[in-house]
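# Dropping the sequence and predicted coords here.
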There are 4 protein chains.
Amino acid sequence: MEFSKNIPIYLQIVDYVIEQILLNEWQVEARVPSVRELGGHIEVNPNTVMRAYRDLEEKNILYNKRGIGFFVSKEAHKLIMKIKKNQFMKEDLPVMFNKMALLGLDMEDVMKMYKKRKG
Amino acid sequence: MEFSKNIPIYLQIVDYVIEQILLNEWQVEARVPSVRELGGHIEVNPNTVMRAYRDLEEKNILYNKRGIGFFVSKEAHKLIMKIKKNQFMKEDLPVMFNKMALLGLDMEDVMKMYKKRKG
Amino acid sequence: MEFSKNIPIYLQIVDYVIEQILLNEWQVEARVPSVRELGGHIEVNPNTVMRAYRDLEEKNILYNKRGIGFFVSKEAHKLIMKIKKNQFMKEDLPVMFNKMALLGLDMEDVMKMYKKRKG
Amino acid sequence: MEFSKNIPIYLQIVDYVIEQILLNEWQVEARVPSVRELGGHIEVNPNTVMRAYRDLEEKNILYNKRGIGFFVSKEAHKLIMKIKKNQFMKEDLPVMFNKMALLGLDMEDVMKMYKKRKG
DNA sequence: GTGGTCTAGACCACC
DNA sequence: GTGGTCTAGACCACA
């Protein structure tokens, strides 16, 4: 796994986990990889993975059975979507629109990129 | 000047300088405030201002005349736009598209928000 | 470590690091001393070492793993040679040729010295 | 006049003056431009020019008639050649040879550059 | 433990 | 006056 330099790794792991859940790679109510497994897999200190899991536990996306491991919560999808959609609409989009205005770009330019990406 | 807590001050100064240049408050080929002046003005250590100026010098947005001060380069506007555009196209947009895919949103939803904003 | 007075210490550290790498004292992909270690060792403020390391990071000779340390990059040798060769060809040689012209020396004189040195 | 960034301007002026003398642009026993003239001409603070002239005065390459100006000394050429030749042979060449060895270059490479320059 | 940022304050060369 | 370097020492996030 490649990590971007300017974002804390544990946050990138949080995003990674969320992605796995949304893609149903990690299923609801199923056990997720242990911090050691995942740490070994993505070549990251288990402590760092733990920090990410704790973050997700706080958001009720994961929960923990002592001595067994972390599990994807029932409401994981709902919670993730709620958090992310809100964030996207209220924060990401306005910021993007501002940047576009500043750069003299309009939606057509964005559309081009969007289609390019899909093609 | 108010500083956000989670972003290094020197980076916020970089952004501030760029803003001043784009707004033509600091004109091309003109001297910008000395590190001590600006440091005093925004209540920041001169060294911190220096770090920001050095960053901008590296990007050829500012240049330096020994013993005299820092100046806005001729190509400052062009370079700023280039950097920002690049960042937007290569970093911001792909991230956004990713999020959209995960959230099940498409360009129509974005268009709606865009029009709402303008209206 | 002895520092020459007229050259900034951090640049002398840069040279020192480059030397260590070329001599394979500091091996490719291996961790280099932390800024505090090296700072303590050569009796220089860690900040000064940091500045040198940052310079080398910019040139892609060192890279950095968050919370772990600085490492010698894979291409370090190649990059060092490239930088040095370039410097020699584009800066040192032209200056030398100029001096020779002003002093009324030609390549024969230089050759003599060269052979003398080798013999 | 273009100044290299890493060498003090006054030293670059010293070199410039020496060059003018060697090229007989500034003749022996003739008055050289006043600090203001030269300063205006090459767009440099007169103080900086003065510092260069003082340097050259110390080396007996220029001398000063109070209220009149600076003049090229009789022995200017001899002194310059002596200083420079010595410097070149004892300092510049050995340094260059060392660099060549390090970079794996030999005199042939240098010859190529030399001919290229002349051609 | 690591790097990263920031401050206060010093001293320097240069203009 | 200007930038440039350096120190000592602090505090922080991250691993």
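Right, received. Where do you want to start? Numbering: from 1, shown residues only, chains lettered A, B, ... in the order given.

# Neighbours of the residue in chain A positioned nearest to chain D, how many?
Chain D sits closest to A:Lys5 of chain A, with a gap of 29.2 Å, by C-beta to the nearest C-beta. All C-beta spots, glycine's among them, are computed from the backbone N, C-alpha and C. Residues lying near A:Lys5 (other C-beta atoms under 10 Å in any protein chain shown) number 9.

# Name all residues that make contact with it.
C:Asn64, C:Arg66 (C-beta atoms under 8 Å, 6 or more residues apart in numbering or on different chains).

# Got the phi and psi for the nearest residue to A:Tyr53 once chain neighbours are set aside?
Leaving aside its chain neighbours, A:Tyr53 sits nearest to A:Phe70 (5.3 Å; criterion: C-beta to C-beta, 6 or more residues apart in numbering or on different chains). Backbone geometry at A:Phe70, expressed as degrees, to the nearest 10, gives phi -100, psi 150.

# Also A:Phe88?
When quoted as degrees, to the nearest 10, the phi and psi of A:Phe88 stand at phi -60, psi -50.

# and if you look at the one 4 residues further on?
For A:Asp92, the backbone dihedrals (degrees, to the nearest 10) come out as phi -60, psi -50.

# what about it, how many residues close to it?
As a burial measure, A:Asp92 scores 16 neighbours (other C-beta under 10 Å).

# so it touches B:Met96, yeah?
Yes. Taking contacts as C-beta atoms under 8 Å, A:Asp92 lies within contact range of B:Met96: 6.5 Å.

# if I look at the residue of chain A found nearest DNA strand E, how far off is C:Tyr63?
Per C-beta to the nearest atom of the strand, A:Lys5 is where chain A lies closest to DNA strand E, at 8.4 Å. Separation of A:Lys5 from C:Tyr63 (C-beta to C-beta, to the nearest Å) stands at 9 Å.

# and if you look at A:Lys78?
In this view, A:Lys78 and C:Tyr63 are 41 Å apart by C-beta to C-beta.

# before we move on, what about A:Leu38?
To C:Tyr63, A:Leu38 is 24 Å away according to C-beta to C-beta.

# do A:Tyr53 as well
Counting by C-beta to C-beta, the gap from A:Tyr53 to C:Tyr63 is 28 Å.

# What helices and strands are in contact with the helix or strand where A:Ile80 lies?
For A:Ile80, the element it lies in under DSSP states H and E is helix A:76-87. Judged by 3 or more C-beta pairs under 8 Å, 6 or more residues apart in numbering or on different chains; DSSP states H and E, helix A:76-87 is in contact with helix A:9-22, helix B:93-103.

# Go again with 10 Å.
For helix A:76-87, the packing partners by 3 or more C-beta pairs under 10 Å, 6 or more residues apart in numbering or on different chains; DSSP states H and E come out as helix A:9-22, helix A:46-58, helix B:93-103.

# could you dump these to TSV with mean pLDDT?
Formatted as TSV, the helices and strands packed on helix A:76-87 follow (pLDDT from 0 to 100):
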stretch	mean pLDDT
helix A:9-22	89
helix A:46-58	90
helix B:93-103	85
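
# Export those as CSV, with columns for distance to DNA strand F.
Below are the helices and strands packed on helix A:76-87 laid out as CSV (distance: least, C-beta to the nearest atom of the strand, whole Å):
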stretch, distance to DNA strand F
helix A:9-22, 3
helix A:46-58, 4
helix B:93-103, 18
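
# Export those helices as JSON lines, with columns for mean neighbour count.
Shown next, in JSON lines, are the helices and strands packed on helix A:76-87 (neighbours: other C-beta atoms under 10 Å in any protein chain shown):
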{"stretch": "helix A:9-22", "mean neighbour count": "19"}
{"stretch": "helix A:46-58", "mean neighbour count": "18"}
{"stretch": "helix B:93-103", "mean neighbour count": "16"}
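
# so how far is B:Lys74 from the spatially most central residue of chain A?
Nearest residue to the geometric centre of chain A (C-alpha atoms, centre = their mean): A:Asp15, 2.0 Å. Separation of A:Asp15 from B:Lys74 (C-beta to C-beta): 41 Å.

# helix, strand or coil for the residue of chain A closest to chain D?
Recorded secondary structure, A:Lys5: coil (DSSP: H, G, I helix; E, B strand; the rest coil).

# first vs last residue of stretch A:17-30, how far apart are they?
Stretch A:17-30 has an end-to-end distance of 13 Å (criterion: C-alpha to C-alpha, to the nearest Å).

# quick one: contacts of it?
For stretch A:17-30, the external contacting residues (C-beta atoms under 10 Å, 6 or more residues apart in numbering or on different chains) are A:32-33, A:38, A:49, A:52-53, A:55-56, A:59, A:61-63, A:70-77, A:79-81, A:83-84, B:98, B:101-104.

# domain ranges for chain A?
Following automatic domain parsing, chain A resolves into domains at A:9-74, A:77-118.

# picking that back up, what about the helix holding A:Ile80, distance to the chain center?
Mean-position distance between helix A:76-87 and its chain equals 10 Å (C-alpha atoms, centre = their mean, to the nearest Å).

# buried set for it?
A:Ala76, A:Leu79, A:Ile80, A:Lys84 (16 or more other C-beta atoms under 10 Å in any protein chain shown).

# could you dump those to CSV with distance to DNA strand E?
What follows is the buried residues of helix A:76-87, written out as CSV (distance: C-beta to the nearest atom of the strand, whole Å):
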residue, distance to DNA strand E
A:Ala76, 30
A:Leu79, 31
A:Ile80, 30
A:Lys84, 28
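
# Let's have those in TSV, adding pLDDT and distance to C:Lys115.
Formatted as TSV, these follow (pLDDT from 0 to 100; distance: C-beta to C-beta, whole Å):
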residue	pLDDT	distance to C:Lys115
A:Ala76	92	78
A:Leu79	91	79
A:Ile80	89	75
A:Lys84	84	73
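
# By proximity to chain C, which residue of chain A wins?
At 6.6 Å from chain C, A:Ile9 is the closest residue in chain A, using C-beta to the nearest C-beta.

# That residue and A:Ala101, how far apart?
Distance of A:Ile9 to A:Ala101, given as C-beta to C-beta: 33 Å.

# give the contact list for A:Lys78.
Taking C-beta under 10 Å, 6+ apart as the definition, contacts of A:Lys78 comprise A:Asn60, A:Ile61.

# Please apply the same query to A:Tyr114.
Going by C-beta under 10 Å, 6+ apart, A:Tyr114 touches A:Met107, B:Leu93, B:Met96, B:Phe97, B:Met100, B:Asp106, B:Met107, B:Val110.

# how about the residues of chain A near chain B?
Counting by C-beta under 10 Å from any C-beta of the partner chain, chain A comes close to chain B at A:4, A:15, A:18-19, A:21-23, A:80-81, A:84-85, A:87-89, A:92-107, A:109-111, A:113-115, A:117-118.

# Done for today, thanks.
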